[in-house]
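A.B. asks: coords please:
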Amino acid sequence: IYLSGEAGHMTVRRQIAILAVGLGLCVATAASAQQGASDIGSRLMQVPAVAAATQAADRLEPWVVEQQIALCEVEAPPFREEARGKVYRDAFTKLGLSRVRVDAVGNVIGERPGSANGPHVVISAHLDTVFPPGTPVHVSRKGNVLLGPGISDDCRGLAVVLGVIRALQDAKVSTPGRITFVGTVGEEGLGDLRGVKHLFGPDGLRGIDRFVSIDGSGFGVTNGGVGSKRYRVTFKGPGGHSYGAFGMPNPLHALGRAVAAIAALEVPTSPKTTFNVGRVGGGTSVNSIPFEAWIEIDLRSEQPEPLAGLDAHVRKAIEGAVAAENARWRHTATVTADVELVGDRPAGRTPDTSDIVQAAMSVLRTVGRPASLHTSSTDSNVAMARGVPAITIGGGGIGSGSHSLQESFDVTGGGDGLRQAILLTIALAQP
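C.D. replies: Predicted coordinates for the structure are as follows:
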């Protein structure tokens with residue numbers, strides 16, 4: 001009876017009825033028990049253990065901030081998250097999680113067993129940052145504001161996950177469903193969501209029913225996943241002296257033609273679809289025809305179909321640029337282009353009316369925060385694209401300057417962010 005018609009996943013409908021029976025609470029009628037997730041937050045607060053766990057948020061928040069700072073002062077460059085992962089693994093162990101481990105790609109995993117045959121819930125945050133090795137990672141504090149690269153994205157999420165675990169352990173909250181906590185690798189940039197892709201792959205976790213990523217600050221609920229494709233396009237030719245070999249097709253000229261053609265493309269505004277040539281390089285000197293030049297391109301859309309259409313147009317623009325450069329000179333030497341896919345993030349969406357979204361909105365109302373829905377590119381993209389109910393939430397507080405050396409986190413409202421995450425975790429671990 002607890003299966004919904006959407007993808008066969010368990011819903012949170014009737015969960016409060018089950019909880020109430022187990023704890024001796026009074027639920028007025030069967031009809032009220034079937035109201036579903038829309039008021040699950042307020043009803044769960046009737047359960048003493050749940051109330052104790054959520055009310056502990058303000059007491060735990062200073063400790064959570066300490067963890068946030070400590071984690072942020074451990075480097076986690078792209079593809080080199082091991083040091084921070086070790087610290088996170090040790091924290092999982094100290095907090096009493098079971099089966100604590102690091103998987104084949106570097107994800108840190110720990111489990112909290114369920115007491116019954118409930119859903120399998122994954123609560124995650126990402127370990128990696130966008131910053132290269134050697135970036136200063138010292139965190140300073142000025143009043144309520146923490147300053148340091150990655151302090152909000154996603155040291156806040158990592159710390160809130162630890163706060164959720166501690167709150168559940170301290171209050172001895174028992175949930176029917178098993179909760180797996182994860183620190184993922186490879187969320188940022190060319191990491192290409194490799195950590196969460198592994199979780200949902202053949203060697204990853206089994207039977208994930210609900211997935212939550214805690215990413216950054218604030219209180220929004222992200223239930224739309226922006227898909228993207230990222231390419232590195234390398235234009236090649238024999239190269240030569242700029243004067244002596246003049247008349248030979250030039251890879252850099254072909255590159256320029258491609259960029260101009262891409263810049264002239266028309267894309268839909270709804271669903272929002274975008275393109276960007278973000279990096280360019282190549283050549284050896286001002287008086288040499290380059291033998292190689294390259295660009296990196298980012299394509300995005302909120303839906304798969306427009307993204308596929310844009311992808312086809314960009315490929316056609318690249319082919320046309322190469323053909324135009326070769327035709328311009330009619331030389332025996334030619335320019336070619338190698339198109340390498342370096343990033344592929346699937347688009348997806350968890351419906352606004354789904355139980356997981358409604359539960360998250362209910363929890364926000366319960367903690368006294370406005371509820372709003374958003375679209376972004378996060379670890380939840382992978383779950384959404386596979387039909388698993390998934391959302392990304394913020395960890396409270398106020399973040400600024402994400403992905404910059406001036407990144408900051410204002411702790412104001414942090415307690416409510418932790419409270420939200422605690423209550424939502426408990427809600428989603430009900431049948």
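A.B. asks: Any regions of this protein where pLDDT drops low?
C.D. replies: Per-residue confidence for the chain (pLDDT under 70) gives these ranges: 1-35.
A.B. asks: so where's the longest helix in it?
C.D. replies: Longest helix of the chain, by residue count under DSSP state H: helix 304-329.
A.B. asks: how big is the angle separating the helix or strand just after that helix from helix 304-329?
C.D. replies: As assigned by DSSP states H and E, the chain's next helix or strand after helix 304-329 is strand 336-345. Put simply, strand 336-345 runs at 170 degrees to helix 304-329, going by axes from the mean of the first three to the mean of the last three Cα atoms, to 10 degrees.
A.B. asks: next helix or strand past strand 336-345?
C.D. replies: Downstream of strand 336-345 (by DSSP H and E), the next one is strand 348-349.
A.B. asks: Output the contacting helices and strands for that following strand.
C.D. replies: If contacts are counted by 3 or more Cβ pairs under 8 Å, 6 or more residues apart in numbering; DSSP states H and E, strand 348-349 sits against strand 221-225, helix 380-385. Every residue, glycine included, has its C-beta placed from N, CA and C.
A.B. asks: follow-up on the earlier one: just give me how far the longest helix of the chain sits from the chain centre.
C.D. replies: 30 Å (Cα atoms, centre = their mean, to the nearest Å).
A.B. asks: likewise stretch 108-115?
C.D. replies: In terms of Cα atoms, centre = their mean, the centre of stretch 108-115 is set 21 Å apart from its chain centre.
A.B. asks: repeat for stretch 422-430
C.D. replies: Mean-position distance between stretch 422-430 and its chain equals 20 Å (Cα atoms, centre = their mean).
A.B. asks: same thing with stretch 323-338?
C.D. replies: 41 Å.
A.B. asks: Just the buried positions in it, please.
C.D. replies: 324-326, 329, 334-335, 337 (16 or more other Cβ atoms under 10 Å).
A.B. asks: Now do the end-to-end distance for it.
C.D. replies: This stretch, stretch 323-338, spans 14 Å end to end (Cα to Cα, to the nearest Å).
A.B. asks: now what about that stretch, what contacts it?
C.D. replies: Defining contact as Cβ atoms under 8 Å, 6 or more residues apart in numbering, one finds that stretch 323-338 is touched by 233-238, 247-251, 253-254, 257-258, 318-319, 321-322.
A.B. asks: In contact with the closest residue to Leu44 other than its chain neighbours: list those residues for me.
C.D. replies: Nearest residue to Leu44, sequence neighbours excluded (Cβ to Cβ, 6 or more residues apart in numbering): Val50, at 4.9 Å. Residues in contact with Val50, defined by Cβ under 8 Å, 6+ apart, are 44, 171, 173, 423, 426.
A.B. asks: so how many other residues sit close to the closest residue to Gly183 other than its chain neighbours?
C.D. replies: Among residues not flanking Gly183 along the chain, Val108 sits closest, at 4.0 Å (Cβ to Cβ, 6+ apart). Val108 has 27 neighbouring residues, counting by other Cβ atoms under 10 Å.
A.B. asks: I figured Gly413 hits Gly395, correct?
C.D. replies: No: Gly413 is beyond contact range of Gly395, at 10.0 Å (criterion: Cβ atoms under 8 Å).
A.B. asks: higher neighbour count, these two?
C.D. replies: When neighbours are counted by other Cβ under 10 Å, Gly413 and Gly395 differ, and Gly395 comes out ahead with 31 against 18.
A.B. asks: Now do the same contact list for the more buried one.
C.D. replies: Neighbouring residues of Gly395 by Cβ under 8 Å, 6+ apart: 125, 156-157, 159-160, 214-218, 414, 417-418, 421.
A.B. asks: List the contacts of the residue lying closest to Gly204 once chain neighbours are set aside.
C.D. replies: Nearest non-adjacent residue to Gly204, counting by Cβ to Cβ, 6+ apart: His198, 5.2 Å away. Listed by Cβ under 8 Å, 6+ apart, the contact partners of His198 are 103-105, 107, 204.
A.B. asks: Now do the helices in the stretch 1-150 of the chain.
C.D. replies: Secondary structure of the stretch 1-150 of the chain by DSSP state H, counting those that start in this stretch: the helices cover 15-23, 30-33, 40-44, 48-55, 57-72, 82-94.
A.B. asks: So which of these has the densest surroundings on average?
C.D. replies: Neighbour counts (mean count of other Cβ atoms under 10 Å) averaged over each of the helices of the stretch 1-150 of the chain peak at helix 40-44, with a mean of 23.
A.B. asks: Any idea how many residues pack against the closest residue to Gly240 other than its chain neighbours?
C.D. replies: In space, Gly240 comes closest to Ile289 once its chain neighbours are excluded; the distance is 4.8 Å by Cβ to Cβ, 6+ apart. Around Ile289 there are 24 other residues, counting by other Cβ under 10 Å.
A.B. asks: so what's Ile289 up against?
C.D. replies: Here Ile289 is in contact with 237, 239-242, 245-246, 248, 250-251 (criterion: Cβ under 8 Å, 6+ apart).
A.B. asks: got a winner among the residues you listed for most neighbours?
C.D. replies: Result: Pro251 is most packed of the contacts of Ile289 (other Cβ under 10 Å), 27 neighbours.
A.B. asks: For that residue, which non-adjacent residue is closest in space?
C.D. replies: With Cβ to Cβ, 6+ apart as the criterion, Pro251 has its nearest non-adjacent residue at 3.8 Å, and that residue is Phe235.
A.B. asks: burial of that neighbour, as a residue count?
C.D. replies: By other Cβ under 10 Å, 29 other residues sit near Phe235.
A.B. asks: Name the strands paired with the helix or strand hosting it and say parallel or antiparallel.
C.D. replies: Assigned by DSSP H and E, Phe235 falls within strand 227-236. Here strand 227-236 is paired, per DSSP bridges, with strand 292-301 (antiparallel), strand 336-345 (antiparallel).
A.B. asks: Next, find the distance separating the residue nearest to Gly240 from Glu75.
C.D. replies: As for Ile289, its distance to Glu75 is 41 Å (criterion: Cβ to Cβ, to the nearest Å).
A.B. asks: circling back: now the helices of the stretch 1-150 of the chain as TSV including distance to Val185?
C.D. replies: Shown next, in TSV, are the helices of the stretch 1-150 of the chain (distance: least, Cβ to Cβ, whole Å):
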stretch	distance to Val185
helix 15-23	32
helix 30-33	41
helix 40-44	32
helix 48-55	29
helix 57-72	14
helix 82-94	7
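A.B. asks: Was I right to think Ser408 contacts Ser152?
C.D. replies: Yes: Ser408 lies in contact with Ser152 (Cβ under 8 Å); the separation is 7.1 Å.
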